[in-house]
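*Asks:* need a structure here:
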Amino acid sequence: MQKSDGMNYAPVSQTRPEPVCKAGEFPFAVIGLDHGHIYAMCNGLLEAGATLTKVYDKDASKVAAFVQRYPQAIAVKSEEDILDDRFCLLVASAIRPCDRATLGIRVIGKGKHYFVDKPGMLTFDELELARAACARTGLKYAIYFGERLHVEGAVFAGQLIEEGAIGRVVHVTILAPHRLNRASRPDWFFEKDLNGGIITDLGSHQVEQFLSYSGATSIRVLHSTLANYANRDKPNFHDYGDGNLVADNGATCYFRVDWFTPDGLGAWGDGRVFVIGTEGTIEIRKYIDVATSPDGDHVYVVDKAGEHKYEVTGKVGFVFFGRFIRDCLDGTETALSQEHAFEAMRAALEAQERAEDVTC
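*Replies:* Numbers count the residues shown, from 1 in each chain. Now for the predicted structure:
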């Protein structure tokens with residue numbers, strides 16, 4: 001898989017997971033191909049046993065590329081061809097961020113689960129509408145937080161934390177640089193009202209990771225910062241953001257997001273996570289080990305017994321997708337609770353809204 005462009009990064013499992021459902025038991029369709037993450041989302045669902053049936057987007061060229069990748073998908077002429085399909089159980093989408101909540105509420109209103117690329121929504125009002133739709137129907141509004149759910153090193157670290165390998169988590173530091181690839185970005189990418197801003201967009205990944213690794217249920221934003229250092233011709237765009245958070249269980253977090261991955265790096269970003277526990281530490285080098293290995297999923301652990309390094313590509317898999325499918329079919333919450341997803345977005349929206357702009 002290509003690793004130079006995060007927008008089109010689409011992991012494929014090397015563990016050959018067993019399907020969690022029978023063929024045809026979990027049909028899903030796709031509406032909205034504005035972001036390349038839709039390919040990653042589809043890969044994960046298909047590997048876990050879901051059945052892709054239909055696809056719709058206003059852009060015929062995007063549909064043609066999608067069908068070339070997934071020939072089983074039937075290109076349809078309208079959203080209604082999918083929303084009115086009584087056999088379809090879930091709609092997956094990477095439509096423009098400003099359209100995601102509106103579509104999601106329509107999908108749920110039609111009796112289908114919704115799986116959308118992050119950010120799942122751009123405003124607090126949209127969040128409350130989505131929350132109400134889920135409460136009213138019992139259907140799921142799942143958000144693709146791929147920087148944890150679709151990275152084996154991140155999955156493995158979470159398993160270690162759940163097992164108590166480093167004791168109680170007290171702090172998480174997350175560094176998340178991304179490659180801009182500016183020439184390939186659509187116009188909406190540079191408009192805050194259309195993409196939500198750097199913290200709502202990239203930062204939602206980091207907030208969700210902190211919420212997960214800390215075992216917390218809610219987050220308070222202490223301080224956040226925005227800046228536009230190198231793209232001044234895009235006045236509604238920020239290329240840097242960071243934030244300080246505290247969880248309801250006392251754990252703290254610092255995260256940084258930016259669009260400054262150097263051209264010479266062999267991946268779209270040198271994503272790192274550092275977790276401090278009362279009995280040990282974990283570092284995740286997600287996509288590359290700089291100047292050492294082009295592979296990702298390096299996990300470093302220090303505990304009472306000593307120092308340990310794990311290289312887990314192809315050894316852990318992406319457990320979210322199978323659990324999510326079963327949650328939709330069984331009415332359970334084993335993959336990602338609804339409140340967890342909504343709280344991650346709420347805190348990211350707050351950090352974006354309250355951020356101090358230090359551009360000068």
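
*Asks:* show me the contacts for Thr15.
*Replies:* 314-317 (C-beta atoms under 8 Å, 6 or more residues apart in numbering). Bear in mind the C-beta positions are built from the backbone N, C-alpha and C, glycine included.

*Asks:* give me the low-pLDDT residue ranges for this protein?
*Replies:* Applying pLDDT under 70 to the chain flags the ranges 1-2, 6.

*Asks:* find the nearest non-adjacent residue to the residue nearest to the spatial centre of it, please.
*Replies:* Geometric centre of the chain, nearest residue: Phe145, 1.7 Å, by C-alpha atoms, centre = their mean. Computed as C-beta to C-beta, 6 or more residues apart in numbering, the closest residue to Phe145 that is not its neighbour in sequence is Glu208, at 4.3 Å.

*Asks:* re earlier: and the residue nearest to the centre of the chain, backbone torsions?
*Replies:* The phi/psi pair for Phe145 (degrees, to the nearest 10) reads phi -90, psi 80.

*Asks:* wait, isn't it in contact with Ser204?
*Replies:* Yes. Using C-beta atoms under 8 Å, Phe145 is in contact with Ser204, at 7.0 Å.

*Asks:* follow-up on the earlier one: of the contacts of Thr15, which is the nearest to His150?
*Replies:* Proximity of those to His150 (C-beta to C-beta) peaks at Gly317, which lies at 10.5 Å.

*Asks:* where along the stretch 51-200 of the chain do the helices fall?
*Replies:* Assigned by DSSP state H, counting those that start in this stretch, the helices in the stretch 51-200 of the chain fall at 60-69, 80-83, 97-109, 124-137, 146-149, 152-162, 192-195, 198.

*Asks:* could you redo those as a markdown table and give each row mean neighbour count and distance to Asp248?
*Replies:* Formatted as a markdown table, the helices of the stretch 51-200 of the chain follow (neighbours: other C-beta atoms under 10 Å; distance: least, C-beta to C-beta, whole Å):
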| stretch | mean neighbour count | distance to Asp248 |
| --- | --- | --- |
| helix 60-69 | 13 | 41 |
| helix 80-83 | 17 | 38 |
| helix 97-109 | 21 | 26 |
| helix 124-137 | 16 | 18 |
| helix 146-149 | 24 | 19 |
| helix 152-162 | 21 | 17 |
| helix 192-195 | 17 | 29 |
| helix 198 | 24 | 25 |
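
*Asks:* on that earlier part again, who touches both of Phe145 and Ser204?
*Replies:* Joint contacts of Phe145 and Ser204 (C-beta under 8 Å, 6+ apart) are 118, 344.

*Asks:* quick one on the thing from earlier: could I get the helices of the stretch 51-200 of the chain as a markdown table with distance to Cys21?
*Replies:* As requested, the helices of the stretch 51-200 of the chain are arranged in a markdown table below (distance: least, C-beta to C-beta, whole Å):
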| stretch | distance to Cys21 |
| --- | --- |
| helix 60-69 | 22 |
| helix 80-83 | 20 |
| helix 97-109 | 20 |
| helix 124-137 | 21 |
| helix 146-149 | 19 |
| helix 152-162 | 21 |
| helix 192-195 | 34 |
| helix 198 | 37 |
